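Asks: Provided below for reference: sequence and predicted model.
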Amino acid sequence: MNAAIIGATGLIGHYLLLNLLADARYKTVVALGRRAPELATVTTTETAGIEKLTFIETQLNQLTELSLPVTIDQAFCCLGTTIKQAGSQENFIKVDHTAVIDFAKLMIAHQSQTQVNLFVVTALDANEKSTVFYNRVKGQVQRDLSQLPLAKLFIFQPSLLLGQRTHQRTLEDIGQKFFGIASGIFIGPLAKYKPITGKLVADNMLAVAVKANTELVGDPSLETKAVKIIDNKQMHRLVN
């Protein structure tokens with residue numbers, strides 16, 4: 001299989017890229033982004049398969065203009081920002097909605113004969129009708145992706161992400177410290193909110209990708225035979 005990934009310099013994307021490169025089932029891995037992923041120049045057990053990587057430098061508003069060197073079987077989108085980073089709600093939408101849709105359309109234009117499967121990270125409680133701006137945009141991108149001619153769409157909805165980022169996110173920093181001393185409270189009805197590491201999300205994405213016909217229970221308001229939702233609670237138990 002040939003894979004493509006966008007957002008490979010982020011918390012989830014970094015681990016997912018390592019997973020894809022190390023997995024022998026993937027012949028070529030095309031990474032798209034504004035800067036190249038930071039990987040070792042010498043192959044190690046952590047960067048096995050680095051020779052399979054092709055990096056294409058691009059701005060997010062140029063995605064629909066690109067031409068890829070191979071057809072794509074599976075595409076992975078780990079794009080995500082914050083209002084603070086983006087600077088405005090308008091710029092946030094450009095990253096978390098417009099660029100995600102453009103990436104999907106690019107993948108469809110370069111899909112293999114069996115069509116492309118798309119694996120995308122959104123967020124817990126994503127809902128196009130939400131009164132919370134962040135959740136509403138995430139819900140809107142889920143809705144719009146589900147209307148594209150993809151073979152299958154897999155949506156991953158993590159809660160608060162844990163892990164070392166290259167830039168600071170104040171809310172997540174506070175959450176990580178809290179989780180370190182109060183992880184035991186996320187049981188019963190609170191289990192869905194249990195923080196999750198970026199690595200665990202990436203591991204789930206690979207696990208689902210290698211058996212893309214898996215049957216998963218998700219949000220009945222959106223899920224169809226071609227759209228599968230993997231929520232935060234499921235990710236904690238699918239991969240250990």
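Replies: Perfect, I can see it now.

Asks: which of the residues in stretch 103-112 are buried?
Replies: 103, 104, 106, 107, 108, 110, 111 (16 or more other Cβ atoms under 10 Å). All C-beta atoms are positioned from the backbone trio N, CA, C, and that covers glycine.

Asks: helix/strand/coil for the nearest residue to residue 101 once chain neighbours are set aside?
Replies: Closest residue in space to residue 101, ignoring its immediate chain neighbours: residue 144 at 5.7 Å, by Cβ to Cβ, 6 or more residues apart in numbering. Following DSSP: H, G, I helix; E, B strand; the rest coil, we place residue 144 in the helix state.

Asks: Could you check the pLDDT of residue 144?
Replies: We have a pLDDT of 98 for residue 144.

Asks: So it is in contact with residue 102, correct?
Replies: No: with contacts counted by Cβ atoms under 8 Å, residue 144 stays clear of residue 102, the gap being 11.1 Å.

Asks: Quick check: mean pLDDT of stretch 63-78?
Replies: Averaged over stretch 63-78, pLDDT sits at 96.

Asks: So residue 48 lies in a helix, does it not?
Replies: No: the assignment for residue 48, made by three-state DSSP, is coil rather than a helix.

Asks: Residue 14 versus the nearest residue to it once chain neighbours are set aside, what's the distance?
Replies: Once flanking residues are discounted, residue 48 sits nearest to residue 22: 4.4 Å by Cβ to Cβ, 6+ apart. Distance check for residue 22 against residue 14: by Cβ to Cβ, to the nearest Å, it reads 13 Å.

Asks: Who has more neighbours out of the two?
Replies: Using other Cβ atoms under 10 Å, the more surrounded residue of residue 22 and residue 14 is residue 14, with 23 against 16.

Asks: Once you drop chain neighbours, what's closest to the more buried one?
Replies: Among residues not flanking residue 14 along the chain, residue 8 sits closest, at 6.4 Å (Cβ to Cβ, 6+ apart).

Asks: sec struct for the one you found, please.
Replies: On the basis of three-state DSSP, residue 8 is classed as coil.

Asks: How about the contacts made by residue 56?
Replies: The contact partners of residue 56, taken as Cβ atoms under 8 Å, 6 or more residues apart in numbering, are 30, 31, 32, 33, 66, 68.

Asks: Pick out the most distant pair among the residues you listed.
Replies: Using Cβ to Cβ, those span at most 13.7 Å, a distance reached by 33 and 68.

Asks: Which residue of those two possesses the greater neighbour count?
Replies: Neighbour comparison, residue 33 and residue 68: the larger count goes to residue 33, with 20 against 17 (by other Cβ under 10 Å).

Asks: Give me the phi and psi angles of the more buried one.
Replies: In terms of degrees, to the nearest 10, the main-chain angles of residue 33 are phi 170, psi 170.
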